[in-house]
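A.B. asks: my questions concern the predicted model and sequence given below.
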Amino acid sequence: QVRLVESGGGLVQAGGSLRLSCVASGGSSRDFVMAWFRQDPGKAREFVAATARIGASTFYADSVKGRFTISRENAKNTVYLQMDSLKPEDTAVYYCAADQYPRAIPNDWAYWGQGTQVTVSS
């Protein structure tokens, strides 16, 4: 069973930066597509970014393109989300997810972390 643990969330002012980490155990991160999602209370979980199993392909939601960067360090079974130029609308619980293939529907992803809160003050 793959277990994902996120860290790095917190409170930051608008324009600031945070780096989230997601450590995988019970499996190798190189075997999975790794992704970040976020969710505000009362709203649907939304895709933020993903990194492919093979190669350096990355994918981003339009709302974070140019501000967020996803990367992976397979030797540490870790995926990162560097978030720069943060905006109040980026406030949400951020979740790490993993699956052998990317899924169109967030709830179809096989493995999830517990989430880490990111709050951006104006």
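C.D. replies: Okay, I see it.

A.B. asks: the chain: strands as residue ranges?
C.D. replies: With strands called from DSSP state E, the chain shows them at 3-7, 10-13, 18-25, 33-39, 46-51, 58-60, 68-73, 78-83, 92-99, 111-112, 116-121.

A.B. asks: name every strand pairing with the fifth one and say which way it goes.
C.D. replies: Spelled out, that is strand 46-51. Note on strand 46-51: by DSSP bridges, its sheet partners are strand 33-39 (antiparallel), strand 58-60 (antiparallel).

A.B. asks: which of these is buried the deepest?
C.D. replies: Greatest average neighbour count among these goes to strand 33-39 (a mean of 23), per mean count of other C-beta atoms under 10 Å. From N, CA and C alone the C-beta is placed, and that goes for glycine too.

A.B. asks: one step back: figure out which of the strands paired with strand 46-51 is closest to residue 84.
C.D. replies: Between residue 84 and the strands paired with strand 46-51, the shortest separation by C-beta to C-beta is 12.7 Å, and it involves strand 58-60.

A.B. asks: now the closest one: average pLDDT?
C.D. replies: In this model, strand 58-60 has a mean pLDDT of 95.

A.B. asks: same check, this time on stretch 16-25
C.D. replies: Throughout stretch 16-25, pLDDT has a mean value of 97.

A.B. asks: how distant is that stretch from the center of its chain?
C.D. replies: With C-alpha atoms, centre = their mean, to the nearest Å as the basis, stretch 16-25 stands 7 Å off its chain's centre.

A.B. asks: ok, now stretch 47-66?
C.D. replies: Computed by C-alpha atoms, centre = their mean, the separation of stretch 47-66 from the middle of its chain amounts to 9 Å.

A.B. asks: possible to save the strands of the chain as JSON lines with distance to residue 105?
C.D. replies: Shown next, in JSON lines, are the strands of the chain (distance: least, C-beta to C-beta, whole Å):
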{"stretch": "strand 3-7", "distance to residue 105": "18"}
{"stretch": "strand 10-13", "distance to residue 105": "29"}
{"stretch": "strand 18-25", "distance to residue 105": "20"}
{"stretch": "strand 33-39", "distance to residue 105": "11"}
{"stretch": "strand 46-51", "distance to residue 105": "10"}
{"stretch": "strand 58-60", "distance to residue 105": "16"}
{"stretch": "strand 68-73", "distance to residue 105": "20"}
{"stretch": "strand 78-83", "distance to residue 105": "20"}
{"stretch": "strand 92-99", "distance to residue 105": "11"}
{"stretch": "strand 111-112", "distance to residue 105": "13"}
{"stretch": "strand 116-121", "distance to residue 105": "22"}
